[in-house]
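> okay, predicted coordinates and the sequence, questions at the end:
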Amino acid sequence: MAAHLGLKNSYGDPDIETLMRRYYTAVADIDRISGKVVSRCLDTPIPLGRDTGLSAARRRVAITNPALAAADSLWPIRALDYAQTYTLRLEPATEEAMQEFAAGDNWSDDESKAMAGLGFLQILLRPGDTVGTLRRLHRNGLLEKILPEFAFTMNLAPYDPSHIYTIGEHSLYVLGNIIALRDGIADEESRRASHQSILRALDSPLPLYLAALLHDIGKQWSQDKAGNRQPHEITGAEQVTEICRRLGCAPETTANVEFLVRHHLLLAQTSRLRDLGQPATIREVARIVGDVERLRMLYLLTYADTKAVGPGILTDMNARLLHELFARTEGYLLYGEGDDAADAESERLNTVRARLQRQLGREPAVNEAAAPEDIRTHIEAMPASYLLNTPLEKMAQHLNMVARLRAGETEVIEMHTMPDSCLLY
């Protein structure tokens, strides 16, 4: 290097000593300047959103304008949303402010409850550590304001000795198992049963997320609303309609959550206690479930629920029987008495294509650049790996890029974040 740079000593040899002295001087300057840049970036608050009063500094969400934050009754939800989306922590002062907020008379009227509920649903659909956000909500007293029926179960001991967590902790683990599939954290069971592809084939995962949280809330009530002694899946399902109404769920979402809570034991009990080789068994499960979308959600809920009970509960045998029941019932719902796995997989992929075309077609940013025929052509041309693993907002970006390139644009295209409307309840 010294020779290439033309550095020679008095003997005409490469002057390594001069090279290294200049090198150390230069890197010392770089270290000093970069240290100042990093310190300035970390210490200077970065505003989060517009007029929220919230900022990020040193990877923490802080309240930098208390007056602006106080004017927004949803600032705690926004702070947690930012923390989850950008992998931030909360400043201790921010958590203390949340606790004071929860202790006050906030979110007491129907309108504010509805807004907080919609914010809660948005958090469930956001990428990131959803379970961690729910723990923060509970720790700071906010979960009881939004979902008191679930907050009560966080300290409710189970009566089933196979459970090693409280009811609420178990439910958080159930949701965590589903979120792990969403975020691509696979394990042996999920690879075997293609859980991730099943999850991505759902029209909306929201009913599944809510059912994961609510499936065991009935364990706090031993009687139904009529005063009759009922199992927890019945007493819990009775509460779902009011809970979902308060959260602002669409009627279809509410109906699916109620179904999943009411029947969350169906597949586990049937796979263990019934002969899966009998057509009558499959017909009975198919009659109760009714359609493929609900079957897929129920299967994923059963997998996540069984896995969350405790170590060793989801054995290889249980997993195989559960998947066999799912595959046979799916085949029956799709083809009658047939249960061809290859045909079922093809039908599942066609369902994914149809869903993506609907969702992309509802995005104004896509419609401005691509016609419905362009969307259909793009979706049909993509392989299964693209359809099952590419986020919706990335697909929309790809469609916009292709349309702009076809229009003659050759400059670098800036990537933009999709609006919240891509998260469909």
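Looks like it arrived, so ask away. Predicted model only: the values in this text are computed from it and were never measured.

> you'd agree Asn256 is up against Arg294?
Yes - with contact defined as Cβ atoms under 8 Å, Asn256 and Arg294 form a contacting pair (6.5 Å). In short, each C-beta sits where N, CA and C put it, glycine included.

> so who does Leu68 touch?
Asp51, Thr52, Gly53 (Cβ atoms under 8 Å, 6 or more residues apart in numbering).

> repeat that for Gly236.
For Gly236, the contacting residues are Leu214, His215, Asp216, Ile217, Gly218, Lys219, Trp221, Val261, Arg262, by Cβ under 8 Å, 6+ apart.

> which of the residues you listed lies closest to Leu399?
If you rank the contacts of Gly236 by distance to Leu399 using Cβ to Cβ, Leu214 comes first, at 36.2 Å.

> and the gap between the residue nearest to the closest one when sequence neighbours are not counted and Met317?
Leaving aside its sequence neighbours, Leu214 sits nearest to Val261 (Cβ to Cβ, 6 or more residues apart in numbering; 5.5 Å). Applying Cβ to Cβ, to the nearest Å, the value for Val261 to Met317 is 27 Å.

> which one of the two has more residues nearby?
Taking neighbours as other Cβ atoms under 10 Å, Val261 and Met317 compare with Val261 leading, 29 against 10.

> so which elements touch the helix or strand that one falls within?
Using DSSP states H and E, the element containing Val261 is helix 251-262. Contacts defined by 3 or more Cβ pairs under 8 Å, 6 or more residues apart in numbering; DSSP states H and E place helix 251-262 against helix 206-214, helix 232-247, helix 292-309.

> list the residues that contact the closest residue to Asp183 other than its chain neighbours.
Leaving aside its chain neighbours, Asp183 sits nearest to Pro127 (7.1 Å; criterion: Cβ to Cβ, 6+ apart). Pro127 sits next to Gln84, Thr85, Arg182, Asp183 when contact means Cβ under 8 Å, 6+ apart.

> just the buried ones out of the residues you listed, please.
The neighbour-count criterion (16 or more other Cβ atoms under 10 Å) marks Gln84, Arg182 among the contacts of Pro127 as buried.

> out of the contacts of Pro127, who's nearest Met395?
Arg182 (16.3 Å).

> the closest one and Val37, how far apart?
36 Å.

> confirm that Ala56 sits in a helix.
No - counting by DSSP: H, G, I helix; E, B strand; the rest coil, Ala56 is located in no helix; its state is strand.

> neighbours of it, how many?
21.

> so what's it closest to, chain neighbours aside?
That would be Ile46: by Cβ to Cβ, 6+ apart, it lies 4.8 Å from Ala56.

> give me phi/psi at that neighbour?
When read as degrees, to the nearest 10, the backbone of Ile46 gives phi -100, psi 120.

> how many other residues sit next to it?
Around Ile46 there are 12 other residues, counting by other Cβ under 10 Å.

> grab the nearest non-local neighbour of Glu380.
Nearest one to Glu380, counting by Cβ to Cβ, 6+ apart, is Arg353 at 6.7 Å.

> could you check the angle the strand or helix carrying the one you found makes with helix 292-309?
Arg353 belongs to helix 341-361 when assigned by DSSP H and E. Helix 341-361 runs at 100 degrees relative to helix 292-309, counting by axes from the mean of the first three to the mean of the last three Cα atoms, to 10 degrees.

> need the residues that contact helix 341-361.
194, 197-198, 200-201, 203, 292, 327, 330-331, 334-335, 366-367, 372, 375-376, 379-380, 384, 387-388, 392, 395-396, 399, 422, 424.

> take those residues and keep only those in helices.
Mapping those onto helices (DSSP state H) picks out 197-198, 200, 292, 327, 330-331, 334-335, 366-367, 372, 375-376, 379-380, 384, 387-388, 392, 395-396, 399.

> buried ones among the residues you listed?
Buried among the ones in helices among the contacts of helix 341-361 (16+ other Cβ under 10 Å): 197-198, 200, 292, 327, 330-331, 334, 366, 375-376, 379, 387-388, 392, 395-396, 399.

> do a quick rundown of the strands in the stretch 51-200 of the chain.
For the stretch 51-200 of the chain, the strands defined by DSSP state E, counting those that start in this stretch cover 54-57, 60-63, 89-90.

> just send those strands back as CSV, with mean pLDDT and distance to Val174 too.
Output for the strands of the stretch 51-200 of the chain, formatted as CSV (pLDDT from 0 to 100; distance: least, Cβ to Cβ, whole Å):
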stretch, mean pLDDT, distance to Val174
strand 54-57, 92, 31
strand 60-63, 94, 27
strand 89-90, 96, 25
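
> now these in JSON lines, with distance to Ser112?
Converted to JSON lines, those look like this (distance: least, Cβ to Cβ, whole Å):
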{"stretch": "strand 54-57", "distance to Ser112": "19"}
{"stretch": "strand 60-63", "distance to Ser112": "19"}
{"stretch": "strand 89-90", "distance to Ser112": "22"}
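
> so for Thr270, which of these sits nearest?
strand 89-90 (43.8 Å).

> the closest one - contacts with which helices or strands?
By 3+ Cβ pairs under 8 Å, 6+ apart, strand 89-90 packs against strand 60-63, helix 75-85.

> same thing but 10 Å
Here strand 89-90 touches strand 60-63, helix 75-85, helix 92-103, helix 130-139, going by 3 or more Cβ pairs under 10 Å, 6 or more residues apart in numbering; DSSP states H and E.
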